[in-house]
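J.: have a look; sequence and predicted model below, questions after that.
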Amino acid sequence: MTAYRAAWVCPIDGPPIRDGVVTVDAGRIVAIGDRGSGFGDQGSGIRDLGNVVLMPGLINAHIHLELSWLRGRVPPAPRFTEWVKTMFAVRGRPDAALSAEQVASIRRAISELRAAGTVAVGDISNSLAAVGPMREARLDGVVFHELLGFKERDGALVESTRGARASATVAGARVSLAPHAPYSTSPELFQAIRAEVGAFASPIMSVHLGESPEETELLASGTGPWRSMLEFIGVWRDDWRIPGCGPVEYLDRLGVIDAHTLVVHGVQLDDAALTRLAAIGATLVTCPRSNQWVGVGLPPIQRFYDSGVAVAIGTDSLASVDDLNLFSELKTMRAIAPGVPASKLLESATLTGARALGLDRELGSLTAGKRAEILAITLPGPVDDIEEYLVSGIDPSQISHLNPLNPLNPLNP
Ligand SMILES: [Zn+2]
């Protein structure tokens, strides 16, 4: 048993503790308290870490690790469809096998994630290429096998890809499914994916939704740049019934969103849609730096929190963001929404992400019984408002993992 003493402890599921102590045994958190609570005075095994704050490892709820090789190759664009065109042109077929160098870029991205304090991810994958590197690096999380096809008229694609998911599961990953987005996925494919996921022990699904104004235009009126693009690449369907509504209402009508759905982006959602997501119990995953990069504008962070919807945070891929530091997303959110309490932002980066990925029994807060995946962050001097400090931008050089080889990590060999 080891008791770690620190200038601050941020457990997330309770208020910050000044001069706190976290006691750890065999990879699990045993107790949390302040120095006066007695936990720190049990004699043996006390380690004073000095002027640091202890907090749980971060959860990046939306990333595409397989796109890491696109870093620096898809510049920011003023309009989403322009960014997508460049991305497609550089990338080629989404389900193509990755080269050795491309897989190496996944490994580098995982190292970067860990260095910036992330301990679990919601990874979106067309190729399932991240499964091996995640296991090697013992990065926890869920890999969402992403399927798309505007012309798919049944569930054949879901069936034909079942073997790939089974192999990935054998390789140690938690694998689920993700329909890509309403402008790329047919109603039939949405429903086939939903049915498949519904049979899983952990029926989590992720979907890009309400990201661009072009998407809302397509759903509302069947017109605009997405219509042109779908016609251009030859997948437009004349029998696709124009929904005439917003993105949340569209998927709600299809019966494909529920309390286990991660709705990614939501930049274009109005208050009624956000309130509906809150009522369903879905999680909204915001990626504020990516949104600006791809030309869809700033996410309405204040309205997200005002609506009562659960908010988690992702970086999205290195094709639309400079680095994979979730603390930089927190800093951006703080700048966009100065009225949201720092405690709420921190909860989004930890506990809410863990809940959305079904990992909150083990991760997301410093709570007795959970895995001791604890970050120790060096402070520059005395800090009075520790939560506000943690959303002001933290550099990886300040971060160390207290227990980098936690024996309880299910991905440990
Ligand atoms: Zn994405």
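T.: Nice, thanks for sending it over. Keep in mind the model is a prediction, meaning the values are calculated, not measured.
J.: the bottom helix or strand of the chain by mean pLDDT?
T.: None of the helices or strands of the chain scores lower by mean pLDDT, DSSP states H and E than helix 162-170, at a mean of 89.
J.: helix/strand/coil for the spatially closest residue to L230 that is not a sequence neighbour?
T.: Leaving out its chain neighbours, the residue that sits closest to L230 by Cβ to Cβ, 6 or more residues apart in numbering is W236, at 4.3 Å. From N, CA and C alone the C-beta is placed, and that goes for glycine too. Recorded secondary structure, W236: coil (DSSP: H, G, I helix; E, B strand; the rest coil).
J.: quick check: buried residues in the least confident helix or strand of the chain?
T.: 165, 168 (16 or more other Cβ atoms under 10 Å).
J.: the nearest residue to A342 once chain neighbours are set aside - how many residues pack around it?
T.: Of all residues not flanking A342 in the chain, E387 sits nearest, at 3.8 Å (Cβ to Cβ, 6+ apart). Applying other Cβ atoms under 10 Å, we find 22 residues neighbouring E387.
J.: for T2, grab the count of nearby residues.
T.: 15.
J.: also E112?
T.: By other Cβ under 10 Å, the residues close to E112 number 17.
J.: can I get the CA coordinates of the helix ranked longest in the chain in PDB?
T.: Longest among the helix segments of the chain by residue count, using DSSP state H, is helix 100-115. Presented in PDB, the C-alpha positions along helix 100-115 are these (Å, rounded to 0.1, in the frame of the first residue of the first chain):
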ATOM      1  CA  ALA A 100       3.800  -0.100 -42.200                       C
ATOM      2  CA  GLU A 101       4.600   3.600 -42.000                       C
ATOM      3  CA  GLN A 102       0.900   4.400 -41.500                       C
ATOM      4  CA  VAL A 103       0.600   1.900 -38.700                       C
ATOM      5  CA  ALA A 104       3.800   3.400 -37.200                       C
ATOM      6  CA  SER A 105       2.000   6.800 -37.200                       C
ATOM      7  CA  ILE A 106      -0.700   5.100 -35.100                       C
ATOM      8  CA  ARG A 107       1.900   4.000 -32.500                       C
ATOM      9  CA  ARG A 108       3.400   7.500 -32.400                       C
ATOM     10  CA  ALA A 109      -0.100   9.000 -31.900                       C
ATOM     11  CA  ILE A 110      -0.800   6.600 -29.000                       C
ATOM     12  CA  SER A 111       2.500   7.700 -27.300                       C
ATOM     13  CA  GLU A 112       1.400  11.300 -27.800                       C
ATOM     14  CA  LEU A 113      -2.000  10.600 -26.300                       C
ATOM     15  CA  ARG A 114      -0.500   9.000 -23.200                       C
ATOM     16  CA  ALA A 115       2.100  11.700 -22.800                       C
END
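J.: begin at 26 from here
T.: Yep, numbering from 26; the last one is helix 125-140 now.
J.: tell me the helix or strand right after it.
T.: Going down the chain from helix 125-140, the next helix or strand is strand 143-150, by DSSP states H and E.
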